[in-house]
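**Q** 3D, please:
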Amino acid sequence: MTLKIDAFAHVLLPEFFGKMLALDKNLVSKMPFIQNPVLTDMTKRRETMPANTKQIISYVNANPEDYLDSAGAAQLVELANEELLVTVKANTDIFAGGVAMVAMNNIPEAVRVIESFSTSHPEILGIQLFTRHLGKSLADESFKPVFAAASKADVPIWLHPVFDARKPDNNIIFSWEYELTQAMLDIVQAGYFQEFPNLNILVHHGGAMVPYFAGRIEHILPEEQASDFKKFYVDTALLGNSKALELCVDYYGVDHVLFGTDAPLGILPAGATEVISHAIEALPLTDNDKEKIFRENANRLFGLGG
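**A** Have a look, this model is predicted:
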């Protein structure tokens with residue numbers, strides 16, 4: 001099997017993790033999944049690394065802006081991004097690149113990460129945003145400069161879910177999929193794909209609910225907005241589920257689906273790489289189309305040249 005590029009894998013690097021624990025001693029109880037040592041210990045990462053795979057790594061959803069003022073959050077994000085850059089450079093045989101954090105309570109610094117840090121370091125392939133920031137929709141007007149800068153600099157956005165604190169029934173099974181779907185709708189209805197034609201957004205978890213509700217999107221939304229939904233890129237992090245992946249590929253098109261596993265999360269200790277790979281292999285696609293999903297789409301979208 002040729003090399004696979006896992007476009008959506010996670011880390012919680014030790015220096016940044018220590019800083020976050022100092023800010024919130026209950027962080028582990030709030031997010032038990034971060035206890036997985038493969039997130040933090042790169043020696044353990046190597047020991048459990050899937051064969052014939054390089055990962056693009058981004059931080060889990062421990063966000064400095066939720067604890068610090070604008071200056072403090074930007075400073076901690078800078079530390080996290082430097083640690084990420086060092087980690088990628090030291091492990092180029094297993095990591096294809098990294099995805100930078102931004103502090104959305106400091107928009108000038110978030111834009112600087114896009115315009116300067118990301119573009120100055122080829123190892124940094126884009127930025128990660130969450131479905132909500134500071135209790136507000138990702139498409140809130142105050143965050144718009146980040147989308148404008150990402151489009152102008154041709155820096156892709158990774159979209160990861162977080163819980164909506166207003167809801168009393170958040171759960172890891174279904175809630176994040178709803179949050180992703182709602183954020184996608186917010187972005188589409190804000191007209192960002194129309195205003196920012198170079199905008200590239202990779203959505204976690206197979207584009208969430210969108211393929212399943214494609215008929216509602218097509219018949220309820222204006223035609224332009226319905227078409228904009230297909231401009232998202234999505235990963236394959238559905239913990240297997242070949243039939244759901246088939247629906248995902250059918251909706252988005254094979255050129256917009258990237259191999260992504262959420263590693264090392266989902267299936268202990270190192271993630272669902274094998275399960276998801278088998279689900280892709282079971283799809284009724286040509287070998288060339290499977291190769292696009294496993295590798296070529298990531299190479300093209302992120303300029304990996306491999």
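
**Q** Now do the buried residues in the longest helix along the chain.
**A** Secondary structure of the chain per DSSP state H: the longest helix is helix 70-90. Neighbour-count burial for helix 70-90, counted by 16 or more other CB atoms under 10 Å, picks out 72-81, 83-85, 87-88. Using the backbone N, CA and C atoms, a C-beta is placed for each residue, glycine as well.

**Q** Over to stretch 224-237?
**A** For stretch 224-237, burial by neighbour count (16+ other CB under 10 Å) applies to 225-226, 228-229, 231-237.

**Q** hey, where'd the strands end up in the protein?
**A** 4-11, 53-59, 95-100, 124-130, 132-133, 136-137, 157-160, 201-203, 233-235, 257-258 (DSSP state E).

**Q** Need those strands in CSV (columns: distance to residue 40 and mean pLDDT).
**A** Listed next are those as CSV, based on distance: least, CB to CB, whole Å; pLDDT from 0 to 100:
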stretch, distance to residue 40, mean pLDDT
strand 4-11, 7, 98
strand 53-59, 11, 98
strand 95-100, 15, 98
strand 124-130, 18, 98
strand 132-133, 24, 98
strand 136-137, 30, 98
strand 157-160, 18, 98
strand 201-203, 24, 98
strand 233-235, 22, 98
strand 257-258, 25, 98
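
**Q** Output those strands in TSV, with distance to residue 213 appended to each entry.
**A** Putting the strands of the chain into TSV (distance: least, CB to CB, whole Å) gives the following:
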stretch	distance to residue 213
strand 4-11	22
strand 53-59	27
strand 95-100	28
strand 124-130	22
strand 132-133	21
strand 136-137	19
strand 157-160	18
strand 201-203	14
strand 233-235	14
strand 257-258	18
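
**Q** Which residues are in contact with the closest residue to residue 83 other than its chain neighbours?
**A** Residue nearest to residue 83 in three dimensions, not counting chain neighbours: residue 13, with 4.8 Å by CB to CB, 6 or more residues apart in numbering. Going by CB atoms under 8 Å, 6 or more residues apart in numbering, residue 13 touches 40, 59, 80, 83-84, 87.

**Q** Among the residues you listed, which one sits closest to residue 270?
**A** residue 40 (13.3 Å; CB to CB).

**Q** Tell me how many other residues surround the closest one.
**A** Residue 40 has 18 neighbours, counted by other CB atoms under 10 Å.

**Q** Tell me if I'm right that it and residue 15 touch.
**A** No. Counting by CB atoms under 8 Å, residue 15 is not a contact partner of residue 40; they are 9.9 Å apart.

**Q** quick one: low-confidence ranges for this structure?
**A** Applying pLDDT under 70 to the chain flags the ranges 1, 306.

**Q** Can you mark which positions in stretch 52-59 are buried?
**A** For stretch 52-59, by 16+ other CB under 10 Å, it's 53-59.

**Q** now swap in stretch 147-157 and tell me
**A** Those buried within stretch 147-157 under the rule 16+ other CB under 10 Å are 147-151, 155-157.
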